[in-house]
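Visitor: need the 3D shape of this:
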Amino acid sequence: VHLQGDAAMPRRVAEYFGFSLQALERAAREGFQPAAVVLYLDRQLYREDPGVFDLAGELGFRFLARYRVLKLWELPPEPILRMESPGLCPFVPLMAGRVEELVVRSVEKITMSPEGQASFHDKRFLLRALSTMAQRLIKDPSLLESLFSDPEFMETDIFFLKGQKIGRQEGRQEGRQ
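Guide: Below is the predicted model:
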């Protein structure tokens, strides 16, 4: 998973293949079909990735590594939103669709998940991760705040509480003036 494009990605994937060659061979012997994927998260930082490293040399030498390139912004969010677990929901706003709607749907999925799928602590963590991902695309802080305004989760969030305290102090100071 990568935020931005990397001109050296084909070489890096080839190196990963080299490091994991024994595991790849064992998986193939056991009937598994090895596959490689590079997932890009950010459309603005993406650089074209050919999905292949091909090095040819003398005496018939050739090293070929192919992998699939996935661009998160081109993928539909429905498969993740239909999953039982909310664990991948923080990535949903980066997927194909209206960002604001995807954030709302992800917040609902996370907050409404039964305790057996995600604890209160897990849900707070997922909401913070979701907020971080959404900030990559939503630059309006008031819109972000409105999308993440669930009091049940925010009242125990130390960042929210600190911001609330600062806001009260600023309000008192303004009132005195």
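Visitor: phi first, then psi, for residue 65.
Guide: With angles defined as degrees, to the nearest 10, residue 65 sits at phi -130, psi 120.
Visitor: residue contacts, it?
Guide: 10, 13-14, 17, 36, 52-54 (C-beta atoms under 8 Å, 6 or more residues apart in numbering). C-beta: built from backbone N, CA, C; applies to glycine.
Visitor: hmm, which two among those residues are most spread apart?
Guide: 36 and 54 (14.4 Å; C-beta to C-beta).
Visitor: the two: who's more crowded?
Guide: residue 36 (15 against 12; other C-beta atoms under 10 Å).
Visitor: tell me the pLDDT of the nearest residue to residue 42 once chain neighbours are set aside.
Guide: Excluding its sequence neighbours, the residue lying closest to residue 42 (C-beta to C-beta, 6 or more residues apart in numbering) is residue 3, at 4.9 Å. Per-residue pLDDT puts residue 3 at 70.
Visitor: my read is that residue 3 contacts residue 44, right?
Guide: No: using C-beta atoms under 8 Å, residue 3 is not in contact with residue 44, being 9.7 Å away.
Visitor: who's more crowded, the two?
Guide: The neighbour comparison of residue 3 against residue 44 (other C-beta under 10 Å) goes to residue 3, with 13 against 10.
Visitor: count of neighbours near residue 89?
Guide: Counted with other C-beta under 10 Å, the neighbours of residue 89 add up to 28.
Visitor: grab the nearest non-local neighbour of it.
Guide: Closest residue to residue 89 apart from its sequence neighbours, by C-beta to C-beta, 6+ apart: residue 106 at 4.2 Å.
Visitor: and that neighbour, what does it touch?
Guide: 81, 86, 89-90, 92-93, 130.
Visitor: helix, strand, or coil at it?
Guide: Using DSSP: H, G, I helix; E, B strand; the rest coil, the structure places residue 106 in helix.
Visitor: roughly how far does it sit from residue 141?
Guide: Residue 106 sits 18 Å away from residue 141, taking C-beta to C-beta, to the nearest Å as the criterion.
Visitor: which of the contacts of residue 106 sit farthest apart?
Guide: It's 86 and 93 that sit farthest apart of these, by C-beta to C-beta, at 13.5 Å.
Visitor: ok, the two, which is more surrounded?
Guide: Under the criterion of other C-beta under 10 Å, the comparison of residue 86 against residue 93 puts residue 93 first, with 28 against 25.
Visitor: the more buried one touches residue 102, doesn't it?
Guide: Yes: with contact defined as C-beta under 8 Å, residue 93 counts as touching residue 102 (4.7 Å).
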